[in-house]
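Student: Sequence first, then the predicted structure:
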Amino acid sequence: MPSPDLLLLSNSTQHGRVYLAHALDTVTGFLSAGARLAFVPYALADHDAYTAKVREALTDSGIAVHGVHEDGDPLAALARADAVFVGGGNSFRLLKALYGTGLRDALIAAARDGLPYMGASAGTNMAAPTLRTTNDMPIVQPPSFETLGLVPFQINPHYLDPDPASTHKGETREERLTEFLEENDVPVLALREGSWLRVQGDRATLGGTRPARLFTRPTPPRELPAGSDLSELLTTRGHFDS
């Protein structure tokens, strides 16, 4: 059976830089020159504009970007591709579209057959077993919270640390993830801006310029420096409460 080949970015845009610039060397190393990249734009409302943005970012790298919506047959577009990129935006909207187009099952099968899968933000959320650790507002209702399950643990992109100087009394991200663990015994990898996870077969590595945090029950969150070997997470056998 082919090994999974995943690049899961916390974010696609870094402050002060153009789209994908902060991770471009990693992205172009993951997507070989001349690759036909199927882009899944459903996390944003304007699919054409979103696809054009990705195309502009990758054209100089020799990567041919094709939106899966452009020819009216997302499944055929995926079948023709050398790799797939699922873009960020609203995770609920994205997942509803994946179910509605049949892409959810097709992406699971393709990735398990070895098709390189790249996600950013909402697209990275899709690689986890469920939608339960997204930061997004549920602007639509997908048929299920079950996502692609390409990794057996949860991911929280765009992780923000608690600000001790803040007067805001709402929940911090740390508190929300702690609440998740009160109901579900599944590790959560919290990716700060500028970090990503690279999975190649049975090896997982934290990439980028910033550390991540790992939330597990019942221990306190643990800091993981960039470059950490996270392969042990791939053997996770978690439990989700219904």
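Tutor: In hand now; what should we look at?

Student: in the chain, which segments are predicted with low confidence?
Tutor: Applying pLDDT under 70 to the chain picks out residues 1-2, 167, 169-170.

Student: Can you name the residues that contact the most centrally placed residue in it?
Tutor: In the chain, the residue lying closest to the centroid (CA atoms, centre = their mean) is residue 124, at 0.5 Å. Taking CB atoms under 8 Å, 6 or more residues apart in numbering as the criterion, residue 124 is in contact with 8, 9, 10, 88, 155, 157, 191, 197. Where you see a C-beta, it was placed from the backbone N, CA and C, and this is true even at glycine.

Student: Next one: the residue lying closest to residue 186 once chain neighbours are set aside from residue 6, what distance?
Tutor: With CB to CB, 6 or more residues apart in numbering as the criterion, residue 186 has its nearest non-adjacent residue at 3.1 Å, and that residue is residue 238. Remark: distance between residue 238 and residue 6 (CB to CB, to the nearest Å) = 18 Å.

Student: Check residue 140 too.
Tutor: 26 Å.

Student: higher neighbour count, those two?
Tutor: Under the criterion of other CB atoms under 10 Å, the comparison of residue 140 against residue 6 puts residue 6 first, with 21 against 12.

Student: mind checking the SS state of the more buried one?
Tutor: What DSSP: H, G, I helix; E, B strand; the rest coil gives for residue 6 is strand.

Student: my guess is it meets residue 120, correct?
Tutor: No. Under the criterion of CB atoms under 8 Å, residue 6 makes no contact with residue 120, lying 12.0 Å away.

Student: out of the contacts of residue 124, who's nearest residue 76?
Tutor: residue 88 (24.1 Å; CB to CB).

Student: now that we're looking at that closest one, which residues does it contact?
Tutor: Counting by CB under 8 Å, 6+ apart, residue 88 touches 11, 12, 43, 119, 120, 121, 122, 123, 124, 157.

Student: Can you tell me the element residue 27 falls in?
Tutor: Assigned by DSSP states H and E, residue 27 belongs to helix 24-30.

Student: What is that helix packed up against?
Tutor: Packed against helix 24-30 by the contact rule (3 or more CB pairs under 8 Å, 6 or more residues apart in numbering; DSSP states H and E) you find strand 5-9, helix 47-58, strand 195-200.

Student: what's the most buried one of these?
Tutor: Highest mean neighbour count of the helices and strands packed on helix 24-30: strand 5-9, a mean of 24 (counted as mean count of other CB atoms under 10 Å).

Student: Please identify the pairing partners of it and their relative orientation?
Tutor: strand 117-120 (parallel), strand 195-200 (antiparallel) (DSSP bridges).

Student: Can you check which of these gets nearest to residue 151?
Tutor: Taking CB to CB, strand 195-200 is the member of these nearest to residue 151, at 6.6 Å.
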